[in-house]
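Colleague: Based on what follows, work out the 3D shape:
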Amino acid sequence: MSLLSRRTFLSAATAAVLPALFGPGRVLGSAFGTRQIPPDLAVVRSANYYNATIRAIDELGGMRRFVSRGSRIGLLINSPFDKPGTYAKPQIALAVLTMCLNAGAKEVISLEDAPMSYWRRATLNKEQEGLVASIKPPGERTTIEVKGGSRLKEIDIVRDFLECDILINIPIFKDHDGVRLTGTLKNIMGVTSSSTNRFFHNVSLIPIEGYYNDPLHLSECIAEANLVRKPTLCIGDGTEIVATNGPSGPGRMVRPQVVIAGTDRVAMDSFGATLLDLRPEEIPTIRKASELGLGSMDLAQLQISRVDLQ
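Modeller: Residues are numbered from 1 along each chain as shown. I've put the predicted structure just below:
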């Protein structure tokens, strides 16, 4: 059985037994019986990152809940750095890519144009090499207004980020010397231009010594940039991450060994903060995004499915 057909079978088989797997997910009654409501977040612990990703997405209802046949998929993968614990594991991205194609995606675009050297950090078989080779690079950028932004009025951003049918955000949760946490919200900087990123970093209302001379400005620009589009799905790498000297590393490593999936980017980052022993309210980007109505940072009010996968 080929990789694709085998994965299709496994995904369908898993989806068939989801009601037994959701655990803390909610069940609603109706005239037609009961139906399972997926959890807000799925957290899967495993040393097999590929399988953990599949399980996390299946906990949310499976990739076909998010990807329709013939759709154009934009993958935003945190891939530029090369030190351990500084980039989203390619095994996670590869599982997402495979599931999207199994669900009938017509085209997959790497919005930050992850190079083949990134993908080959995972061990690829011949079929997987072909899947990765089929990924399209991003097209041109465009400048748009940021509606609702106070610090950020416009943004120069990859057009495919705005125009793809399905947007899947694949960050890594790690330390950041400036904003304290890199995660789902900050990953948007991977599709903005160098001039936009310079504005994020260099405008200083209160000069502070160091490269990140106005962390609050940077944090709030990141949050406001997320006003331009909501991701369809987020899958976060919390497997092996730098807890110091981020975002580029090297730094002290922590190994929660979890993959997190959800649709609420604020909730995703709030959970990611806990992997570094931080509280969501300590992170200015999370606070600002919550104020903008981009999601919930109150983890106590969320339904979280936790799975230990052998």
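Colleague: low-scoring stretches of the chain, by residue?
Modeller: 1-35, 203-212 (pLDDT under 70).
Colleague: same thing but at 80, please
Modeller: Along the chain, segments meeting pLDDT under 80 span 1-36, 202-213, 310.
Colleague: I figured Ala42 hits Asp264, correct?
Modeller: No. The pair Ala42 / Asp264 is not scored as a contact, 11.9 Å apart, by CB atoms under 8 Å. In short, each C-beta sits where N, CA and C put it, glycine included.
Colleague: For Ser219, what are phi and psi?
Modeller: Per-residue torsions, Ser219: phi -60, psi -50 (degrees, to the nearest 10).
Colleague: and what of Lys186?
Modeller: According to degrees, to the nearest 10, Lys186 has phi -70, psi -20.
Colleague: Tell me the spacing between it and Ile135.
Modeller: According to CB to CB, to the nearest Å, Lys186 and Ile135 sit 23 Å apart.
Colleague: Which of these two has more residues huddled nearby?
Modeller: Per other CB atoms under 10 Å, whichever of Lys186 and Ile135 has more neighbours is Lys186, with 26 against 18.
Colleague: Just the element for the closest residue to that one other than its chain neighbours, please.
Modeller: Distance criterion CB to CB, 6 or more residues apart in numbering; nearest residue to Lys186, sequence neighbours excluded, is Ile222 at 5.3 Å. Assigned by DSSP states H and E, Ile222 falls within helix 215-225.
Colleague: Centre of the chain to that helix, how far?
Modeller: In terms of CA atoms, centre = their mean, to the nearest Å, the centre of helix 215-225 is set 18 Å apart from its chain centre.
Colleague: Against which helices or strands is the very next helix or strand once past it packed?
Modeller: Next along the chain after helix 215-225, taking DSSP H and E as the criterion, comes strand 233-238. Identification of packing neighbours for strand 233-238 by 3 or more CB pairs under 8 Å, 6 or more residues apart in numbering; DSSP states H and E yields helix 49-59, helix 90-102, strand 166-170, strand 258-262, helix 265-274.
Colleague: Now do the strands in the stretch 51-200 of the chain.
Modeller: In the stretch 51-200 of the chain, the segments counted as strands under DSSP state E, counting those that start in this stretch are 72-77, 107-110, 141-145, 154-158, 166-170, 174-176, 180-182.
Colleague: If you count neighbours, what's buried in the fifth one?
Modeller: Buried positions in strand 166-170, judged by neighbour count with 16 or more other CB atoms under 10 Å: Ile166, Leu167, Ile168, Asn169, Ile170.
Colleague: Compare Ala42 and Asp264 and say which one has the larger neighbour count.
Modeller: More crowded of Ala42 and Asp264, by other CB under 10 Å: Ala42, with 30 against 20.
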